[in-house]
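Engineer: model this:
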Amino acid sequence: MADCFDRWSRSNALMILLFWRRYNLITDEGFAGFSPETRARVG
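Structural biologist: Numbering: from 1, shown residues only. Have a look, this model is predicted:
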């Protein structure tokens, strides 16, 4: 869980977003606000 909040940098943004999705820390509505490319990469 600590990985969700550590290493805040632009280069780690996709990894952090992936953790947020995995641990349900971002809603589907919040996730929908990201670009289609970002959503495709995170899954």
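
Engineer: what about residue 34, which SS state?
Structural biologist: Secondary structure, DSSP: H, G, I helix; E, B strand; the rest coil: residue 34 is coil.

Engineer: and it, how far is that from residue 20?
Structural biologist: 11 Å (Cβ to Cβ, to the nearest Å). (Each C-beta comes from the backbone N, C-alpha and C, glycine too.)

Engineer: what sits against residue 27?
Structural biologist: Contacts for residue 27 (Cβ atoms under 8 Å, 6 or more residues apart in numbering) come out as none.

Engineer: could we number from 48 for the rest of this?
Structural biologist: Shifting the count to begin at 48 puts that one at residue 74.

Engineer: Please determine how far it is located from residue 87.
Structural biologist: In terms of Cβ to Cβ, residue 74 sits 18 Å off from residue 87.

Engineer: And residue 61, by the same measure?
Structural biologist: 11 Å.

Engineer: Neighbour count: these two, which is higher?
Structural biologist: residue 61 (13 against 9; other Cβ atoms under 10 Å).

Engineer: For the more buried one, list the residues it contacts.
Structural biologist: 85, 88, 89.

Engineer: Now do the contacts for the spatially most central residue of the chain.
Structural biologist: Centroid-nearest residue in the chain, with Cα atoms, centre = their mean: residue 64, separated by 1.1 Å. Neighbour list for residue 64: 73, 81, 85, 89 [criterion: Cβ under 8 Å, 6+ apart].

Engineer: From the structure, what's the count of residues near the second one?
Structural biologist: A count of nearby residues for residue 81, using other Cβ under 10 Å, gives 16.

Engineer: about what we covered before: just send the contacts of residue 64 back as CSV, with secondary structure and pLDDT too.
Structural biologist: Output for those, formatted as CSV (DSSP: H, G, I helix; E, B strand; the rest coil; pLDDT from 0 to 100):
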residue, secondary structure, pLDDT
73, coil, 93
81, coil, 94
85, helix, 93
89, helix, 90
